[in-house]
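Asker: Take this sequence and fold it.
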Amino acid sequence: MGFETEAEKRGLVVRDDEADFAALREAASGRKRREGRLRLVDSGRFSAVELEWLGKAGAEIYTSDRARPRAAEVVFLSAAARTGGAAVSFFHHGPLEPEEAGPALGLPDLREIAENGVYLALSASPRPRDPGTLVVLAAAARRGRSPLVYYHHGPLGPWLEDLAREGAWIHAVYPPPDGRGDDDSLRRTACAAEAAGGGLVVHVRKPADPNRLEDLSAAGARLVFERPPSDFRSRLRRLEERAARRPLDPRAGYLYPEFMR
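Answerer: Residues are numbered from 1 along each chain as shown. The predicted model follows:
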């Protein structure tokens, strides 16, 4: 299907409106037999039965509450994908609190999804997430052996350590948006996440003290630099090059592990 980027080498990414069902099923079966599975972004175009066939053919399915708003359907697709050696990832955009969720997916639904091996991802943008609820979901994901992915926006807090102890993959911007950051807490978060099978991904968007970044890296944080390369003589340049040589675990993020949503 043409030239692939470095990110696509982990699996060819196709939206469900870019090819018909027969072509996608053939591509899923073909890529299943070699490195880099088909990764299908589900927008709701196909029926659950069609996605079941694609999952069994070996396609990794990336869906969301906007495309699949029923927990039972997502769990069904996860079971089908497992028979093909694949998995389902689910991005939840909506609220978590029962009084807000209404007919949408709520906390019990998401716990069921996570406990059944679906890779659950959430972001604190544009809606903040309750720390206690996130820890509950991370624990459910750990029971399902599918670590939670959480994109954190806003001030850093010590509660992230609790989330890390449940094996979540946590993404955070550094330096933090409010200009304040407890580096000791971040180091503990990185250590706890790595020990539990997850990780802390630190997205560096502004110039930062190389000593502080070195300390975070030594504690187990994975650095992703989202800014132009530094001068070749600077210590930041060496950190950038070292980070580029350490690819992230594909489970570290939804679809693209390096991306901050």
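
Asker: Can you show me the helices along the stretch 51-200 of the chain?
Answerer: 71-83, 98-101, 107-115, 131-143, 159-165, 183-195 (DSSP state H, counting those that start in this stretch).

Asker: In terms of mean pLDDT, which of those ranks lowest?
Answerer: Mean pLDDT is lowest for helix 98-101 among the helices of the stretch 51-200 of the chain, at a mean of 53.

Asker: give the contact list for the closest residue to Gly36 other than its chain neighbours.
Answerer: Of all residues beyond its chain neighbours, the one nearest Gly36 is Gly11 (4.9 Å), with distances taken as C-beta to C-beta, 6 or more residues apart in numbering. To be clear about C-beta, it is placed using only N, CA and C from the backbone, and glycine gets the same treatment. Residues near Gly11 by C-beta atoms under 8 Å, 6 or more residues apart in numbering: 31, 36-39, 60.

Asker: again, 10 Å this time
Answerer: Taking C-beta atoms under 10 Å, 6 or more residues apart in numbering, we find Gly11 in contact with 4, 31, 35-40, 59-60, 86, 250, 255.

Asker: quick one: which of these sit in strands?
Answerer: Among those, DSSP state E puts 39-40, 60 in strands.

Asker: How far away from the center of its chain is stretch 70-88?
Answerer: How far stretch 70-88 lies from its chain's middle: 17 Å, per C-alpha atoms, centre = their mean, to the nearest Å.

Asker: Please disregard the earlier target; I meant stretch 122-139.
Answerer: 13 Å.

Asker: What are the buried residues along that stretch?
Answerer: Of the residues in stretch 122-139, 122-124, 129, 134-139 count as buried by neighbour count, 16 or more other C-beta atoms under 10 Å.

Asker: these two touch, right, Tyr62 and Leu54?
Answerer: No: counting by C-beta atoms under 10 Å, Tyr62 does not reach Leu54; the two are 11.7 Å apart.

Asker: okay, and the common contacts of those two?
Answerer: Common neighbours of Tyr62 and Leu54 (criterion: C-beta under 10 Å, 6+ apart): 16, 40, 42.

Asker: Among these, find me the one that's closest to His171.
Answerer: Nearest to His171, judged by C-beta to C-beta, of these is Asp42 at 22.2 Å.

Asker: residues near the closest one, how many?
Answerer: Residues near Asp42, counting by other C-beta atoms under 10 Å, number 22.

Asker: doesn't Glu52 make contact with it?
Answerer: No: if you go by C-beta under 10 Å, Asp42 and Glu52 don't touch, sitting 12.0 Å apart.

Asker: between those two, what contacts are shared?
Answerer: Common neighbours of Asp42 and Glu52 (C-beta under 10 Å, 6+ apart) are 61, 77.

Asker: rewinding a little: what's the pLDDT at the residue nearest to Gly36?
Answerer: 74.

Asker: picking up where we left off before, Tyr62 and Leu54 - which one has more neighbours?
Answerer: Applying other C-beta under 10 Å to Tyr62 and Leu54 shows that Leu54 carries more neighbours, namely 27 against 22.

Asker: separation between that one and Leu77?
Answerer: Look at Leu54 and Leu77: by C-beta to C-beta, to the nearest Å, they are 9 Å apart.

Asker: Now do the shared contacts for these two.
Answerer: By C-beta under 10 Å, 6+ apart, Leu54 and Leu77 have these common neighbours: 42, 61, 86.

Asker: isn't Leu160 right up against Arg187?
Answerer: No: applying C-beta under 10 Å as the test, Leu160 and Arg187 come out as separate, 11.4 Å apart.

Asker: Counting neighbours around each, name which of the two comes out higher.
Answerer: Comparing Leu160 with Arg187 by other C-beta under 10 Å, the one with more neighbours is Leu160, at 26 against 20.

Asker: Now that one: closest residue in space, sequence neighbours ignored.
Answerer: Thr189 (4.8 Å).
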